[in-house]
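> Next come a sequence and a model predicted from it.
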Amino acid sequence: MKRFGLLLIAVALGLGACTPNNVKDAKEWQQHFAKHKLEGSFMLFDNGQGTFRVYNIERAKERFVPAGVFEIFLSITGLQTGAISDTNMVTAAGPFHQAFRNGSAIAFQEVARAIGKDTLQHWLDTVGFGNKKISRIDTFWLDNSLQISADEVLGFTKQLYFNQLPYQRRAQELTAGLMVMEKTDKFIFAWKSGYGNMGSKRIGWVTGWIEENRHPSFFVLNFETENPSADMNALGMEVTRAILGSEGFYKGEK
């Protein structure tokens, strides 16, 4: 069984009992969660240095409903199988690239049905995505059948960036391109957010990378709240930007 989580490698070597030198507990990030009364975890992997900064390691290994971040997987698989012809393909929610940016559930349910259950199961198994469980073809990433950890999401995101997933290069490059939301002369900021429900808890995600001077750093945020009126996407981006800003990003100096 393939597992692509970055931290899981360290866990196998004894993380927790004897933390490797390249994994550091970023306890100071707790303030960004406390500000909004959130529970959560944040992982930041500096690819050049090969170092981790992690807040709430135990939560980072716990699996949750993937919700909107599963749309990354659906995009690659759709492009691989032809269910998505290209990023301009018209869906029920408009051009696919716009549906991706907006996180349109209708568009991705359409894509999932076009791919088909057996083919989706094949790719879940091949990639080793979380617990690999499918219930209904167009709700399984929303109804708590499929679950994945923040660590696994981070590993998946890193492999996408480097075209290391078991898909055609075109499918990976087009999907990675969809994730680029901001591009300036100082940085490239790529991300995908989403949220779902687990009982009374609302689970939020943001995953992606920030690149400065051709040097990528990968991150994943997972958080929860029981506030039914919380703007989950806005909260996720506020916490993500605050943590990355506190680490000196956005200046073009990394």
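Good, I have the coordinates.
> Which stretches in the stretch 151-254 of the chain count as strands?
180-183, 188-198, 201-212, 215-225 (DSSP state E, counting those that start in this stretch).
> how big is the angle separating the last one from strand 201-212?
The one in question is strand 215-225. Angle of strand 215-225 versus strand 201-212, following axes from the mean of the first three to the mean of the last three CA atoms, to 10 degrees, is 170 degrees.
> can you tell which of the strands of the stretch 151-254 of the chain is closest to Glu152?
strand 215-225 (9.1 Å; CB to CB). C-betas here are computed from N, CA, C, even on glycine.
> how about the strands in the stretch 1-150 of the chain?
All strands of the stretch 1-150 of the chain, identified by DSSP E, counting those that start in this stretch, fall at 23-25, 39-46, 51-55, 63-64, 90-91, 94-95, 148-149.
> buried stuff in the first one?
Using 16 or more other CB atoms under 10 Å as the burial criterion, the residues of strand 23-25 that qualify are Val23.
> Quick one: mean pLDDT over it.
Regarding strand 23-25, the rounded mean pLDDT is 88.
> next one: the longest one
Model confidence over strand 39-46, given as mean pLDDT, is 96.
> Report the central residue of the chain.
Compute the mean C-alpha point of the chain, and by CA atoms, centre = their mean the closest residue is Thr207, 3.6 Å away.
> any idea how far that residue is from Phe249?
Computed as CB to CB, to the nearest Å, the Thr207 to Phe249 distance reads 15 Å.
> Thought Glu152 was touching the residue nearest to the centre of the chain, still the case?
No - in this structure, Thr207 is not within contact of Glu152 by CB atoms under 8 Å, at 10.4 Å.
> Show me the shaky parts of the stretch 1-150 of the chain.
1-21 (pLDDT under 70).
> mind redoing it with 50?
For the stretch 1-150 of the chain, the stretches flagged by pLDDT under 50 are 1, 9-19.
> which stretches of it form helices?
6-12, 30-34, 57-60, 70-81, 96-102, 105-115, 117-127, 150-161 (DSSP state H, counting those that start in this stretch).
> Of all the ones you listed, which one is nearest Lys201?
helix 57-60 (12.5 Å).
> What residues sit buried inside the closest one?
Result for helix 57-60 [16+ other CB under 10 Å]: buried residues Ile57, Arg59, Ala60.
> The longest helix along the chain to strand 188-198, inter-axis angle?
Ranked by residue count, the top helix of the chain under DSSP state H comes out as helix 232-246. When the same axes, to 10 degrees is applied, the directions of helix 232-246 and strand 188-198 differ by 140 degrees.
> where's helix 232-246 relative to the chain centroid, distance-wise?
Its chain's average C-alpha position is 14 Å from that of helix 232-246, according to CA atoms, centre = their mean, to the nearest Å.
> and the angle from it to strand 39-46?
50 degrees.
> residues of helix 232-246 that come out buried?
Met232, Asn233, Leu235, Gly236, Met237, Val239, Thr240, Arg241, Ala242, Ile243, Leu244.
> Stretch 44-54 now?
Those would be Leu44, Phe45, Asp46, Phe52, Arg53, Val54, for stretch 44-54 by 16+ other CB under 10 Å.
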